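K.L.:
Fold the following, please.
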Amino acid sequence: MNNRHFYYLSCTVAMLAFMVVVLGAYVRLSDAGLGCPDWPGCYGRIVPESQIAAAQAHDPNALGKAWKEMIHRYFAGTLGLLIAAMLVWAWRKRITGLPFKLVAVLVVLVVFQALLGMWTVTLRLQPLIVMSHLLGGLTILSLLVWCALETRGDTSNPASQPDTSDIGSNGLFSHPGFWSIMLLALIAMQITLGGWTSANYAAVACPDFPLCQNAWLPSLSWSEGFSLPDLNHAYGQTTYEGGAMSLAGRTAVHWTHRIGAVVIVFAAILIGLGLWRKFGMNAPAGRSAIMVAAAGLLQFTLGVCMVVYQFPLVLATAHNAVAALLLAAVVALNHGVFRSS
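P.N.:
Numbering: from 1, shown residues only. The predicted structure is shown next:
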């Protein structure tokens, strides 16, 4: 097998990573994060069975939640095995230019991500762990996208490559690398805020839009909303499901995330369109820039619709999915910009 096959494998694994991220969001949003109280099995079994009957006495949906959690684990386990296979392949063919070091980093991240998945259960949805688990999954997705782009060259036609002779021209976007990195940093911060909002069940703290609790500036507790929890006392909590913050703390988290959304939609559109004009649609960076602008606008729209329609599961899951797509698009934008320079 040649590098072209490795590229196809990288694309497949990246798509699987996207599915794992979306499944994880769906599990969390459907209150199934503790559907299996142990790890890696479920009530001591690999397949949820009748032993959940006792749990169903307290929660009639226990079996359904257990299956949701285990399906997510099955997909995540498959993802880990495929990344391990990529490492073996890249090591055997490392002289041919396959990104062996990048895949090695991915394997380390997958191991740590598995530990975060375990701690998510054993620490009973501790918000810092839940947010870290989400960020770990998105980091793996981002590196897989970069890995696929790094090996895409073997499948492209050199004659079709765009003319980048104008990259160094004057103007606001004369240094596109600066803008692409800044946009990546902004989106990473906003995704982190979104993860913190979700992990603390703060999405419903502001049930109206554009106001929050019928006020432009509701009662906020920044110290509670953004103070790191004490992990030493995590085992003393029965569960963090439903959130442990006061309403003022959760409102501060939600309000900050909402302000960040406004910044991101303007940054994605303005920088995306600016870099699109810089590179044009024939260049990978130009196409990625348009995707960033479109995904940023869609993500903002979904966020508004979530509030207007009172946070239905399908919109909340889609909001997470588009966040992953937006991140993948800005990673592709950075790859295109720096490979064109």
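
K.L.:
so where's the stretch 51-200 of the chain shaky on pLDDT?
P.N.:
Counting by pLDDT under 70, the ranges of the stretch 51-200 of the chain that qualify are 51-57, 95-97, 153-170.

K.L.:
all strands of it, in order?
P.N.:
Counting by DSSP state E, counting those that start in this stretch, the stretch 51-200 of the chain has no strands at all.

K.L.:
so where do the helices sit in it?
P.N.:
Using DSSP state H, counting those that start in this stretch, the helices of the stretch 51-200 of the chain run over 53-56, 62-92, 100-122, 127-150, 176-199.

K.L.:
Most tightly packed of those helices?
P.N.:
Compared across the helices of the stretch 51-200 of the chain, helix 127-150 shows the largest average neighbour count, a mean of 22 (mean count of other CB atoms under 10 Å). Any C-beta I mention is one placed from the backbone N, CA and C, and that applies to glycine too.

K.L.:
Pull the distance from it to the chain's centre.
P.N.:
Here the centre of helix 127-150 is set off from its chain's centre by 6 Å, with CA atoms, centre = their mean, to the nearest Å.

K.L.:
Just the buried positions in stretch 296-303, please.
P.N.:
Going by neighbour count (16 or more other CB atoms under 10 Å), the buried part of stretch 296-303 is 296, 298, 299, 300, 302, 303.

K.L.:
Roughly how far does the fourth one sit from residue 263?
P.N.:
What it means is residue 300. Residue 300 sits 10 Å away from residue 263, going by CB to CB, to the nearest Å.

K.L.:
In helices, which of the buried residues of stretch 296-303 appear?
P.N.:
Among the buried residues of stretch 296-303, DSSP state H puts 296, 298, 299, 300, 302, 303 in helices.

K.L.:
Could you verify that residue 275 is part of a helix?
P.N.:
Yes: Residue 275 sits within a helix when classified using DSSP: H, G, I helix; E, B strand; the rest coil.

K.L.:
Who are the contact partners of it?
P.N.:
For residue 275, the contacting residues are 173, 176, 179, 180, 285, 286, 289, 333, 337, by CB atoms under 8 Å, 6 or more residues apart in numbering.

K.L.:
Residue 79 now?
P.N.:
If you count contacts by CB under 8 Å, 6+ apart, residue 79 has them with 13, 16, 17, 20, 110, 140.

K.L.:
which of the residues you listed sit farthest apart?
P.N.:
Maximum pairwise distance in the contacts of residue 79, criterion CB to CB, is 12.1 Å, between 16 and 110.

K.L.:
Residue 21 against residue 139, yeah?
P.N.:
No: contact status for residue 21 versus residue 139: not in contact, 10.4 Å apart, counting by CB atoms under 8 Å.

K.L.:
contacting residues around the closest residue to residue 130 other than its chain neighbours?
P.N.:
Take residue 130 and drop its neighbours on the chain: the residue closest to it by CB to CB, 6 or more residues apart in numbering is residue 199, 4.0 Å away. Residue 199 sits next to 125, 127, 128, 130, 131, 134 when contact means CB under 8 Å, 6+ apart.

K.L.:
Output the residues you listed in TSV, with distance to residue 79 appended to each entry.
P.N.:
Formatted as TSV, those follow (distance: CB to CB, whole Å):
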residue	distance to residue 79
125	22
127	24
128	23
130	19
131	20
134	15
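
K.L.:
what about the helices in the stretch 201-341 of the chain?
P.N.:
Under the criterion DSSP H, counting those that start in this stretch, the stretch 201-341 of the chain contains helices at 222-225, 247-279, 284-308, 313-340.

K.L.:
The shortest one packs against which elements?
P.N.:
To tie it back to what came earlier, the one meant is helix 222-225. Here helix 222-225 touches helix 247-279, going by 3 or more CB pairs under 8 Å, 6 or more residues apart in numbering; DSSP states H and E.

K.L.:
can you give me the offset of the helix it packs on from its chain's centre?
P.N.:
The chain centroid and the centroid of helix 247-279 are separated by 16 Å under CA atoms, centre = their mean.

K.L.:
State the mean pLDDT of that helix.
P.N.:
With pLDDT averaged residue by residue, helix 247-279 scores 95.

K.L.:
What residues sit buried inside that helix?
P.N.:
Quick answer for helix 247-279 (16+ other CB under 10 Å): 247-258, 260-261, 264-265, 267-269, 271-272, 274-276, 278-279.

K.L.:
report the angle between the axes of it and helix 176-199?
P.N.:
With axes from the mean of the first three to the mean of the last three CA atoms, to 10 degrees applied, the angle from helix 247-279 to helix 176-199 works out at 150 degrees.

K.L.:
Now render the helices of the stretch 51-200 of the chain as CSV, adding distance to residue 7.
P.N.:
Shown next, in CSV, are the helices of the stretch 51-200 of the chain (distance: least, CB to CB, whole Å):
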stretch, distance to residue 7
helix 53-56, 45
helix 62-92, 11
helix 100-122, 13
helix 127-150, 6
helix 176-199, 22
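
K.L.:
Now do the contacts for the residue lying closest to residue 316 once chain neighbours are set aside.
P.N.:
Nearest in space to residue 316, with sequence neighbours left out and distances taken as CB to CB, 6+ apart, is residue 29 at 4.9 Å. Shown in contact with residue 29 (CB under 8 Å, 6+ apart): 198, 313, 316, 317, 320.
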